[in-house]
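>>> just a sequence and a predicted model for now, questions to come.
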Amino acid sequence: MSIVLSSSEICQQFLNQLKVDLSVIKRAGRPVSETQGEVLFQSVNSLIKIMNLSSADHFLDLGSALGKVVLQVFMLTEVQNATGIEIVPECAAFARRMKNSLQECHPLLLQGRHLDFIEGDFFREPFNEATVIWINAICFTPMMLKHLSQMLNQMNSVRMVLTLRPLLNLSKLRFERTIMIEGSWDSALCYVYRACNLFKTKKFDFSLNIEKRK
């Protein structure tokens, strides 16, 4: 009797293979930075629910490391474009190899969709079409966070930002809430920001839900 796996189980199996491949790299003595740690699978799933991604979205991970969050989002949502930008060459190269592996194992997932891993400094890479941005900013300095806020203030496409460090002085995004997530290092708060022009609609919908419950 054949066993039919859910999309979440298929994704988890694929990402587990990433761990095996990474161990091979480490045994070979190749430098791979993991200073930021990683957000665990179930916590990424919780973030996916908040993002509410559709085929109209472009998901972007700033500092994508080995690409696990980008891969999970791409595999478990209908997002049209998913991009990771990583400055460490070995990590970016590893993520691109995982993309190639995904193409071989699950080619249908990439039909008509775009999955990209860019090696570079995200302060210098253009990402003007991104609609939802994830930032594992645990190790970011105050100056980096300030610069990020300034960049986000110049973008019109972004509807949501999720970050592990708070961002200040945002003009087009407003703090919405925090959510507790689990990482390989410990638990942490994720700060969720939503485009200011979406808040009125959200409040209106929320009030309707309250009325319906009464």
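Received it, and whenever you're ready, just let me know what you need.

>>> gap between Thr83 and Cys91?
Distance, Thr83 to Cys91, by Cβ to Cβ, to the nearest Å: 15 Å. All C-beta atoms are positioned from the backbone trio N, CA, C, and that covers glycine.

>>> what's the first helix or strand after the helix or strand containing Ser101?
Using DSSP states H and E, Ser101 sits in helix 89-105. Later in the chain than helix 89-105, the nearest helix or strand by DSSP H and E is strand 114-119.

>>> and that next one, what other elements does it pack with?
Packed against strand 114-119, as judged by 3 or more Cβ pairs under 8 Å, 6 or more residues apart in numbering; DSSP states H and E, are the following elements: helix 68-76, strand 81-86, helix 89-105.

>>> what strands line up against it, and which way round?
strand 81-86 (parallel) (DSSP bridges).

>>> ranges for the helices of the chain?
Listed in chain order, the helices found in the chain under DSSP state H are 7-27, 41-51, 68-76, 89-105, 142-152, 199-213.

>>> single out the most deeply packed of those.
Among those, helix 68-76 has the highest mean neighbour count (mean count of other Cβ atoms under 10 Å), at a mean of 24.

>>> would you list the helices and strands packed on strand 114-119 in CSV and tack on mean pLDDT and distance to Arg174?
Below are the helices and strands packed on strand 114-119 laid out as CSV (pLDDT from 0 to 100; distance: least, Cβ to Cβ, whole Å):
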stretch, mean pLDDT, distance to Arg174
helix 68-76, 96, 23
strand 81-86, 96, 24
helix 89-105, 91, 32
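
>>> show me the one of the ones you listed that comes nearest Ser171.
Ser171 lies closest to strand 81-86 among the helices and strands packed on strand 114-119, at 22.9 Å (Cβ to Cβ).

>>> tell me which residues in that closest one are buried?
Using 16 or more other Cβ atoms under 10 Å as the test for burial, strand 81-86 gives Asn81, Ala82, Thr83, Gly84, Ile85, Glu86.

>>> for that strand, give me every contacting residue.
Strand 81-86 has contacts (Cβ atoms under 8 Å, 6 or more residues apart in numbering) with 57-65, 67, 69-70, 73-74, 92, 95, 113-120, 122, 125, 127, 129-130.

>>> can you check stretch 175-183 too?
37-40, 42-43, 46-47, 50, 138, 164, 166, 187-194.

>>> low-confidence ranges in the protein?
Low-confidence regions of the chain, defined by pLDDT under 70, span residues 1-5, 18-36, 199-214.

>>> if you set the cut-off to 80 instead, what comes out?
For the chain, the stretches flagged by pLDDT under 80 are 1-6, 17-37, 126, 198-214.

>>> still on that earlier bit, quick one: which of the contacts of stretch 175-183 sit in strands?
Counting by DSSP state E, these place Ser187, Ala188, Leu189, Cys190, Tyr191, Val192, Tyr193, Arg194 in strands.

>>> is it possible to export the residues you listed to a markdown table including distance to Cys105?
Formatted as a markdown table, the ones in strands among the contacts of stretch 175-183 follow (distance: Cβ to Cβ, whole Å):
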| residue | distance to Cys105 |
| --- | --- |
| Ser187 | 32 |
| Ala188 | 31 |
| Leu189 | 35 |
| Cys190 | 30 |
| Tyr191 | 34 |
| Val192 | 32 |
| Tyr193 | 35 |
| Arg194 | 35 |
